[in-house]
Structure formats: C-alpha cells, structure tokens
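> I need the structure of the sequence given here:
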Amino acid sequence: MPADIPGTPRTSGTHVPLSVLTTIDPVLRDTAVFGLVTDSPRSVALRHDIHAEDGTLRRLVVDATGVVEDTLVDLEHACLSCAVREDAIPTLHELAHDGRWDQVLLALPVSAEPLPVVRALDAAARPGSTLDGLRLATVLTVVDLAAVETDLLDDDLLEERGLALTPTDHRSVGEVLAAQVEHADLVVTTGAPPAPDLGASPASPGMPGSPGLPVPPSTPDDATRPGGHAAVQAAWDRRRASARTGSGLVDRLRADASTRVDGLERLCFADLSAASHDATVAERRAHPLGVRAVVGQDDATGTWTLELASDLPFDPERLLHQVRRLGTGRLRSRGVFWVPNRPDSMCAWDGAGGQLSIGAVGTWDDTAPRTRLVLTGAADSADDRVALVAAFDEILATREEVADGGLRWLGREDVLAPWLGERSDAV
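Presented below is the predicted three-dimensional model:
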C-alpha cells in the first residue's frame, strides 16, 4: 500500500466513521466515490463488484492518492452476503486500523440493497466484534432524477441491464431503486439539467448537468437544420419534465427523517461522517407495517399516493384471482395485510417495477390485524386510481363473511400457501 498520506495511530476510544453508498448507476457510483475521496485527503473508499459468472469479487480500495489496492477475490458463493462476510468486514477492519484514514466509505455493488449489508455491519461494529473500531455514520444513495420514473415504475429487470448480482437474480430495477431510496439516511440527486443555451457556439463547453451526463451545446447542424433549435429545446423540456416527476417520486419514497441533497458537488465526506446511522430506526422504516404515506396528488411533479386501509382481511381466493388489478402496473406499493384463514400472521406486500412480492413476516402480537397498502405512481397512471380503490374494496372480505370468526374458510384449500407458507408452519 502506498504511504503518501502519513498515518497516525487512532486515538484510543475514538471510532472511525463508516458510510455506505448504494445506487443502480455505475457512473454515479464512481463519480460519487471519486468526489468524496479527492475532497478529503484522509478518507478511503472500498468498492465491491461481484462477478457471478466466475465466482469472484473485485475489491478496489481508493483514496486521494489514487488506487491503493485492486484485487480479485474468490468467494465461497458469488453473492452479496458472502461478499460482506468474507471480504468487506475484514477489509474494513484493516482500513480502520491502518492509521492513514479518518473516514471510510463502502461503495456496494451496483444494484445491491443496503438493508442486509447495513444490518451485518451494525452487528460487526458492536463492542468486542470485528468492526468495533468503526461506527455507522451515513447510509446514502445517489439517483438520477430524470431516470427515476422509468427505473421505478417500468418493468425492466436487472439482468436485462447487466446489473444482476447472480445468475438467478431476477429482481426488477424498480424493486432495488425503491429499497435504496427508502432505507437511505441521505438521498443525493442528479439529472435536473438547466435549459439549453441555444445560442452557444460549437466551441462552447458542455453545460453543467449530471456528472457523466453533460448537456450538449448547440452544433452547426442544430443551427442550420430546420427546427433544430426547437428539437433541442423539446428534448431538454422532456428531460426536465422527467426530472420533476422523479423528484416527486423520490420525496414520496424517502424516509421522513432522511435528508435530500441536490447535486453531487454538494456531497461532502465530513457531512457524512458527522452523522450517525440509527439501525433501529432504519429497521423500523424498512418494515412494511410502518410505510410512510404522503397522500394526495402533486400537480407540479405529476405524482400521487393512495393509502388504502381497512381492519378487514383480504379474501384469499379473491386476492389470488384479482391480485393483478392491485399489484401490477406502474406503481410502487408497500404495506401489510391479513387473511382470515391465518389470522395471527402478518403478511407483507411489496411491489415495484411491475413485480409484486407477498409473504408472511411474523405475527401481529399486540397490534390489531389490519390491511394497509400505500400506492405511489406518476401522472400517466393517475386515471387508474379509481380502479385501484375499487379493486381493493372488492378483494377485501365483507363484514358478513368474517362475522363467524373465519369458520367459513375452515377446510378450504389454502390457495396462498405457495407464497405464505403452509398453514401448519404459520404462526
């Protein structure tokens, strides 16, 4: 390892702040890492990339002097949990105790969801554990506002973009983006371009915009082609409109206590390190029972949120046959529900990118069973809101149907067992 930055022993009792970076865009990840380490000479970043095809992990360590280490590591299994357990935790331990760095950043593989990683890091940072010289500071994500609507609501799969972490990773892009934004302490946005300077000369520099996405200046062809200026203006008007919608979606999904920073140039390592990640609060906001609902429509961004709630359960058969009416389409949907043939089971509902996942997540304990879904979308699907409300009401069991305490469902086939588990296994 180069020793261009002099190392000094860490003061006894101090903890090196560790921040965690996620994104679905490799360009934004690398731009953020570069900006952070060059801004803070005594900082270091560990970047991971999983190569599932050959079962290896690329470990890249960089600081203000350049590349400190670039190594391929064989993994027992090419998955995120193995990458964290086998490489991230021991490497972070070494970086924290090296003496040259006062701040550490872990840049996760593109498309990694932060919650399981942060959960493992939090456990490892407890007194007496491997990372007890570190403390979790900030979990952040970087998003391109102009791409958020498409990434979140369309049905692209990670594998279609070459972003899958394993050969069996069939998650949608929207599922990952939603998980990253909803868990983050800090959301950093890019992709809101200024209006194009249609009078710029061919020699004019690119206009400021998103890192890696410069606004092209006018060219001679633009100036001489009939309607050229109008075409450029129209293209950037569309991009600005997409960015406005993306901005609205981000603000509807991010946590109440999170912070939003617009522009990578405003990202500062010292600010990340000054914060403290509360793992308990993060777990609570990730739980489907506590989904945030910013109800209503915002005409300025063209985004909207519905909160559908009832103390009644879903009828299992109607849910099975009509789930597409409520769970698919250009929506981000999260929440909880229950079914009368397993009244103690809390069931989670999680949909994005045209996909829906349901499953049992424990018991209701002292909480009264409820059915509550929070649905968020953009203007082009706003006309479907009436249909969504109607579908929700029709899938619910009626008060007459549950009046006997659920006896009518005894002896029937448990049609949701493939998703909720066998009833004998349900608690």
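> Can you list the low-confidence ranges for the stretch 301-427 of the chain?
Along the stretch 301-427 of the chain, segments meeting pLDDT under 70 span 380-382, 424-427.
> And the helices in it, which stretches?
According to DSSP state H, counting those that start in this stretch, the stretch 301-427 of the chain carries its helices in the segments 316-327, 385-395, 399-402, 417-420.
> Output the ones you listed in TSV; the columns should cover mean neighbour count and distance to Ala147.
In this view, the C-beta of every residue, glycine as well, is placed from N, C-alpha and C. Written out in TSV, the entries for the helices of the stretch 301-427 of the chain read as follows (neighbours: other C-beta atoms under 10 Å; distance: least, C-beta to C-beta, whole Å):
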stretch	mean neighbour count	distance to Ala147
helix 316-327	17	24
helix 385-395	16	24
helix 399-402	13	44
helix 417-420	16	31
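> Out of these, the one nearest Glu265 is which?
Nearest to Glu265, of all these, is helix 385-395, at 37.9 Å by C-beta to C-beta.
> wait, which of the helices of the stretch 301-427 of the chain is closest to Leu115?
With respect to Leu115, and counting by C-beta to C-beta, the nearest of the helices of the stretch 301-427 of the chain is helix 417-420 at 20.8 Å.
> Which other helices and strands does that closest one contact?
Packed against helix 417-420 by the contact rule (3 or more C-beta pairs under 8 Å, 6 or more residues apart in numbering; DSSP states H and E) you find strand 355-363.
> next one: the strand it packs on to chain centre, how far?
Strand 355-363 has its average C-alpha position 18 Å from the chain's average C-alpha position, going by C-alpha atoms, centre = their mean, to the nearest Å.
> Tell me the buried residues in that strand?
Residues of strand 355-363 classed as buried: Gln355, Leu356, Ile358, Ala360 (neighbour count, 16 or more other C-beta atoms under 10 Å).
> Please list all residues in contact with the second one.
For Leu356, the contacting residues are Val323, Gly327, Thr328, Ser333, Trp349, Asp350, by C-beta atoms under 8 Å, 6 or more residues apart in numbering.
> Report the beta-bridge partner residues of it.
Taking DSSP bridges as the rule, Leu356 bridges to Gly351.
> circling back to that earlier point, CSV for the contacts of Leu356, including distance to Asp74?
Supplementary listing: the contacts of Leu356 in CSV, determined by distance: C-beta to C-beta, whole Å:
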residue, distance to Asp74
Val323, 42
Gly327, 40
Thr328, 40
Ser333, 40
Trp349, 39
Asp350, 33
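> before we move on, back to that, which single one of the buried residues of strand 355-363 is nearest to Gly191?
Comparing the buried residues of strand 355-363 against Gly191 with C-beta to C-beta picks out Gln355 as the nearest, at 24.2 Å.
> what sits against the closest one?
Taking C-beta under 8 Å, 6+ apart as the contact definition, Gln355 lies against Asp155, Arg171, Ser172, Gly174, Glu175, Thr328.
> Mind checking which of the residues you listed are buried?
When neighbours are counted using 16+ other C-beta under 10 Å, these contain these buried positions: Arg171, Ser172, Gly174, Glu175.
> The residue most central in space within the chain: what's it in contact with?
Among the residues of the chain, Gln180 comes closest to the average C-alpha position under C-alpha atoms, centre = their mean, at 1.5 Å. Gln180 makes contact with Thr22, Thr23, Ile24, Glu113, Pro114, Thr141, Val143, according to C-beta under 8 Å, 6+ apart.
> Please flag which of those residues sit within helices.
Using DSSP state H to define helices, the subset of the contacts of Gln180 located there is Pro114.
> Next, give me the two most distant ones among the contacts of Gln180.
Farthest pair in the contacts of Gln180 (C-beta to C-beta) is Glu113 and Val143. Separation: 14.3 Å.
> Comparing those two, which residue is more hemmed in?
Set Glu113 next to Val143 and count neighbours by other C-beta atoms under 10 Å: Val143 wins out with 30 against 21.
> what's the nearest residue to that one if we skip its chain neighbours?
The shortest distance from Val143 to any residue that is not its chain neighbour, by C-beta to C-beta, 6 or more residues apart in numbering, is 5.7 Å, and that residue is Thr189.
> Kindly report the same for Val110.
For Val110, the spatially nearest residue (C-beta to C-beta, 6+ apart) is Pro26, at 4.9 Å.
> burial count for Asp49?
Neighbourhood size, Asp49 [other C-beta under 10 Å]: 18.
> Trp304 now?
Burial of Trp304 is recorded as 21 neighbouring residues (other C-beta under 10 Å).
> May I have the predicted confidence score for the closest residue to it other than its chain neighbours?
When the adjacent residues along the chain are set aside, Trp304 lies closest to Gln297, with 4.0 Å between them (C-beta to C-beta, 6+ apart). Note on Gln297: pLDDT of 91.
> in what helix or strand does Gln297 lie?
When elements are assigned from DSSP states H and E, Gln297 belongs to strand 296-298.
> ok, so of the contacts of Gln180, who is nearest Ser310?
Distance ranking of the contacts of Gln180 against Ser310, using C-beta to C-beta, places Glu113 first at 29.7 Å.
> Apart from its chain neighbours, what residue comes closest to Ala300?
Nearest non-adjacent residue to Ala300 (C-beta to C-beta, 6+ apart): Arg244, at 6.9 Å.
> Correct me if wrong, but that neighbour is in a helix.
Yes: counting by DSSP: H, G, I helix; E, B strand; the rest coil, Arg244 is located in a helix.
> give me the number of residues near Ala125?
There are 22 residues near Ala125, going by other C-beta under 10 Å.
> doesn't Ala112 make contact with Val139?
No: the pair Val139 and Ala112 fails to qualify as a contact (C-beta atoms under 8 Å) at a distance of 11.8 Å.
> Now the common contact residues for the two.
The overlap between the contact sets of Val139 and Ala112 (C-beta under 8 Å, 6+ apart) consists of Thr22.
> between the two, which one's more packed in?
Between Val139 and Ala112, counted using other C-beta under 10 Å, the more crowded position is Val139 (28 against 25).
> Can you name the residues that contact Ala147?
Contacts were defined as C-beta under 8 Å, 6+ apart; by that measure Ala147 touches Asp25, Gly191, Ser242, Gly246.
> ditto for Val143
Contacts for Val143 (C-beta under 8 Å, 6+ apart) come out as 23-25, 28, 177, 180-181, 187-191, 246, 250.
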